[in-house]
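[1] next input, structure requested:
(chains A and B)
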Amino acid sequence: MATTSPPEKTAPPPPPPPPAVAEPPAPGDDAAAPRQSGVAEAVADQLRTTPAADAEAPSPGFAAGLGARAGALRPPGLFRSAGFRFAALFAALFAAASLVLVGALWLVTAGTLDRQTDMAIRSDALALVERFREGGTTGLVEAIEERLAVDVENDSIYLLVTADTDRRLAGNLNRWPVAWHPTENWFRTRVVHDGAETQARLYKVELPELRLLVGRDDTERQRLQQLLTEGALSTSGLAGSLAFFGAWLMRRAMQARMRPAFATAAAISAGDLSQRVPLSGRDDEFDRLAATMNTMLDRIETLMDGVRGVSDAIAHDLRTPIARARAKLEEALANAGRPSTPEGAALRRAVERGIADLDGIARIFRALLRIAEAEAGARRAAFAAFDLAPVLADAGEIYEAAAEARGLRLATDLPETLELSGDRDLLLQAVANLLDNAIKFTPPGGEVRLSAAVVETADGGAGIEVAVEDDGPGMASADRERAGQRFFRADEARATPGSGLGLALVQAVAGLHRGELVLEDANSDGAPRGLRAVLRLPLS
Amino acid sequence: MRILLVEDDAEVARFVKKGLQEAGHTVEHAVNGRDGLFLAASEQFDLMVLDRMLPGGVDGVRLVETLRAQGNRAPVIFLSALSAVDERVKGLKAGGDDYLTKPFAFAELLARVEALGRRPSVDAPSTKLKVADLELDLLSRTVSRAGKRIDVQPREFRLLEHLMRHAGQVVTRTMLLEKVWDYHFDPQTNVIDVHVSRLRQKVDRGFDVPLIHTIRNAGYMIRGEG
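    Residues are numbered from 1 along each chain as shown, chains lettered A, B, ... in the order given. Modelled structure (predicted):
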């Protein structure tokens, strides 16, 4: 009875049933939590006001941000999968539980069997001792032989020997077992019984000049133990494979549930804030996570709209008065007529200077709004594929005349084509800013070099490198780090005209294209070390 | 030209209206989108100057969309405090022909108004442009003055072509950047001036009468006499 049931008890194996699958992940979900915060970080990156938050996020490597984003959509390896780890934990717990069950079963059944056997042996022995008292040795021998005759199951063991010579008087054992303890009455040993060697439970009774051994064949107990062991072994193999299958299923299920959230987060990092995580309607932990994410996104969108509203308002409320002031100055200039007196001429010049200053303010304004626009990343939605090479050639051509006018040479080294997906006007603006800087800081007689090439990025992908080199004084490394900040101007540059927004805009444009701006020395040895500004854009 | 101006800021509106009138145009002014739409729909205008953001429920973009839907093809210049590229694209998509951000120089607005208003409508595509004794052949892509061949770079050719197509009109630096180079960006330094002065060197050097004129605080103009 007990011999068959235990293996079956171990049979229901670890594959965690569906409700159990859904339950555990959320509370202690260690994989979803960092992933989640990763999403939040990506969104925060987009919102951060410091430039190039994108490019510098995980590692300084080229296009690292892009790699991280693409990686988020790829399912993790089997052993890194949270679903798999949960399932494995469940399998381990279940295995432990099964072991405890088999052990308990063994203790209970084997114990009962032992107790039954011991009781039978004890009462048998008592009866035999009684017979010995009544009928002496002869009576005892008779009683033993009677019992052996009626024992159809052939599991009783008796042996009566003389105490001094060990001569067998009766019983079905040939000789006194070797491994017996002189002091212990109960013992278990192997005996040759009925022509076969078996395990036996024995009880020794000392009688005057005689020794009596009463016992039972213990094979049953042995078989039970063997069955339990075999059952546990064979089912644990099955349970193991079922656990593995369950882990795989669970990993798949979790990935399927997480995928919409990843896709949404990726779309949002790409600048589309209108996306929301779809809900499954099951109202489980995943749905609650998705709902929380959506609430967060609503909040971010509200904030973004607020920011946009503020910049629109600034644009309108400040530009209109500037427009008014400019209009008045222009009017005054038109009404002033020809300057007849030196005072009139001076006034005219002052008014013209005022108009130029207002135009300067408007220009800073435009640059600031463009930086904000690029940093918000919203323009990624409007990215189009185009060839950067002619755009760079145009930039070179536009600035070549300006360079020549300053006594500089502008050399270009551009490939035939540079297919890219991005914002044409913003990229031209970025390169124009770099060229403008280079021309501004190179002394007459120097050279400015504009070059571009397709290169391999740090993570093995392809990228475009646009470099502008000059023969100017270069930039101190401390300044280089701050060069991308708005309104930063190196001390040496304060004498030259400029707003300190040029490189900030370049950096914002690089970030918008998931690339980066790197500033380095152009000449490693020469005294005029020059500056090499490299715009690195990943291709994807 | 008969011009409709829709602008809610009284100061700017007065300034623009006065300037346009002084340049010889008739100007009707509306202070909000609703009135502007009513005027545009009921009267005939050669050109419209619209503020992008207008009170009264109908903003500039809506106004143009409505007019275009009604088949009104009068050229439209947006005047806007919104400089975002998206806003510009939105304005042009809605049916606007040009987009100028505030604050603006009146000369810039006037140049654009004249350029749009006197757009060669369905002119027979001429193969030669002529200003005084300067000739530009669009087919052979050659330039000559007083019968003497002038060597120009392709970009200089396009620059000269644009100036000559708008002979007698002021062409501003931003207009040249937009039309000749086809970019919307802020060049910071006067890169266009250098290109024009190079062109001027080739076209005007050695001749008594200069053709390419710099218009103070505005831009450039090519014209034959005076």
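[2] centroid-nearest residue for chain B?
    In chain B, the centroid-proximal residue (CA atoms, centre = their mean) is residue B:112; its distance is 2.3 Å.
[3] now name the helix or strand holding that residue.
    helix B:106-117 (DSSP states H and E).
[4] do any residues in that helix lie close to chain A?
    Yes - for helix B:106-117, a contact with chain A is found by CB under 8 Å from any CB of the partner chain, at residue B:106. C-beta here means a position set from N, CA and C on the backbone, and glycine is covered the same way.
[5] give the contact list for the residue nearest to the centre of chain B.
    Residue B:112 makes contact with B:77, B:98, B:100, B:172, B:175, according to CB atoms under 8 Å, 6 or more residues apart in numbering or on different chains.
[6] repeat that with 7 Å
    Neighbouring residues of residue B:112 by CB atoms under 7 Å, 6 or more residues apart in numbering or on different chains: B:77, B:98, B:100, B:175.
[7] residues of the least confident helix or strand in chain B by mean pLDDT that come out buried?
    Sorted by mean pLDDT, DSSP states H and E, the helices and strands of chain B end with helix B:85-93, the least confident at a mean of 83. For helix B:85-93, burial by neighbour count (16 or more other CB atoms under 10 Å in any protein chain shown) applies to B:85, B:87, B:88, B:90, B:91.
[8] same thing with stretch A:300-310?
    So, applying 16+ other CB under 10 Å, buried residues of stretch A:300-310: residue A:300.
[9] right, and the helix or strand after the helix holding residue B:112?
    The C-terminal neighbour of helix B:106-117 among helices and strands, as given by DSSP H and E, is strand B:128-131.
[10] name the helices or strands packed onto that following strand?
    Applying 3 or more CB pairs under 7 Å, 6 or more residues apart in numbering or on different chains; DSSP states H and E, one finds that strand B:128-131 makes contact with strand B:134-137, helix B:154-165.
[11] now the closest residue to residue A:501 other than its chain neighbours: how far from residue A:423?
    Leaving aside its chain neighbours, residue A:501 sits nearest to residue A:367 (4.3 Å; criterion: CB to CB, 6 or more residues apart in numbering or on different chains). Residue A:367 sits 16 Å away from residue A:423, going by CB to CB, to the nearest Å.
[12] if we can go back for a sec, what is the neighbour count of the residue nearest to residue A:501?
    23 (other CB atoms under 10 Å in any protein chain shown).
[13] counting by contacts, list what the helix or strand hosting it packs against.
    Residue A:367 belongs to helix A:342-376 when assigned by DSSP H and E. Here helix A:342-376 touches helix A:285-336, helix A:502-512, going by 3+ CB pairs under 7 Å, 6+ apart.
[14] if you count neighbours, what's buried in that helix?
    Buried residues in helix A:342-376 (16+ other CB under 10 Å): A:348, A:351, A:354-355, A:358, A:361-362, A:365-376.
[15] after that helix, next one along is what?
    Remark: after helix A:342-376, the chain's next helix or strand is strand A:384-387, criterion DSSP H and E.
[16] so what touches that following strand?
    Strand A:384-387 is contacted from outside by A:417, A:418, A:419, A:420, A:421, A:424, using CB under 7 Å, 6+ apart.
[17] tell me the gap between stretch A:291-304 and the middle of its chain.
    23 Å (CA atoms, centre = their mean, to the nearest Å).
[18] same thing with stretch A:289-303?
    Using CA atoms, centre = their mean, the offset of stretch A:289-303 from its chain centre is 22 Å.
[19] stretch A:165-174 now?
    76 Å.
[20] that stretch spans what distance, first to last residue?
    14 Å (CA to CA, to the nearest Å).
[21] flag every buried residue along that stretch.
    A:169, A:170, A:171, A:172, A:173.
[22] repeat for stretch A:139-149
    A:140, A:141, A:143, A:144, A:147.
[23] export these to JSON lines and tack on distance to residue A:403 and pLDDT?
    Output for the buried residues of stretch A:139-149, formatted as JSON lines (distance: CB to CB, whole Å; pLDDT from 0 to 100):
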{"residue": "A:140", "distance to residue A:403": "128", "pLDDT": "87"}
{"residue": "A:141", "distance to residue A:403": "130", "pLDDT": "88"}
{"residue": "A:143", "distance to residue A:403": "128", "pLDDT": "88"}
{"residue": "A:144", "distance to residue A:403": "125", "pLDDT": "88"}
{"residue": "A:147", "distance to residue A:403": "123", "pLDDT": "87"}
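[24] residue B:132 touches residue B:224, doesn't it?
    Yes - counting by CB atoms under 7 Å, residue B:224 is a contact partner of residue B:132 at 3.4 Å.
[25] give the residues shared as contacts by those two.
    Common neighbours of residue B:132 and residue B:224, counting by CB under 7 Å, 6+ apart, are residue B:211.
[26] for chain B, what lies in contact range of chain A?
    Proximity of chain B to chain A, by CB under 7 Å from any CB of the partner chain, involves residues B:9, B:11-12, B:15, B:53, B:81-85, B:102-104, B:106, B:155, B:181, B:183-189, B:191, B:194-195, B:198.
[27] so residue A:339 sits against residue A:345, correct?
    Yes - between residue A:339 and residue A:345 there is a contact under CB under 7 Å: 3.9 Å.
[28] name the residues contacting each of these two.
    In contact with both residue A:339 and residue A:345: no residue, using CB under 7 Å, 6+ apart.
[29] show me where chain B has strands.
    If DSSP state E is used as the criterion, the strands of chain B fall at B:2-6, B:26-30, B:47-51, B:76-80, B:98-101, B:128-131, B:134-137, B:142-145, B:148-150, B:171-172, B:212-215, B:219-222.
[30] mean neighbour count and mean pLDDT added to these, as TSV?
    Below are these laid out as TSV (neighbours: other CB atoms under 10 Å in any protein chain shown; pLDDT from 0 to 100):
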stretch	mean neighbour count	mean pLDDT
strand B:2-6	23	94
strand B:26-30	18	94
strand B:47-51	27	93
strand B:76-80	26	91
strand B:98-101	21	89
strand B:128-131	16	87
strand B:134-137	19	91
strand B:142-145	17	92
strand B:148-150	13	91
strand B:171-172	24	92
strand B:212-215	16	92
strand B:219-222	23	92
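[31] reformat those strands as a markdown table; add distance to residue B:64.
    A markdown table is the format used below for these (distance: least, CB to CB, whole Å):
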| stretch | distance to residue B:64 |
| --- | --- |
| strand B:2-6 | 10 |
| strand B:26-30 | 14 |
| strand B:47-51 | 7 |
| strand B:76-80 | 5 |
| strand B:98-101 | 11 |
| strand B:128-131 | 32 |
| strand B:134-137 | 34 |
| strand B:142-145 | 38 |
| strand B:148-150 | 42 |
| strand B:171-172 | 23 |
| strand B:212-215 | 30 |
| strand B:219-222 | 26 |
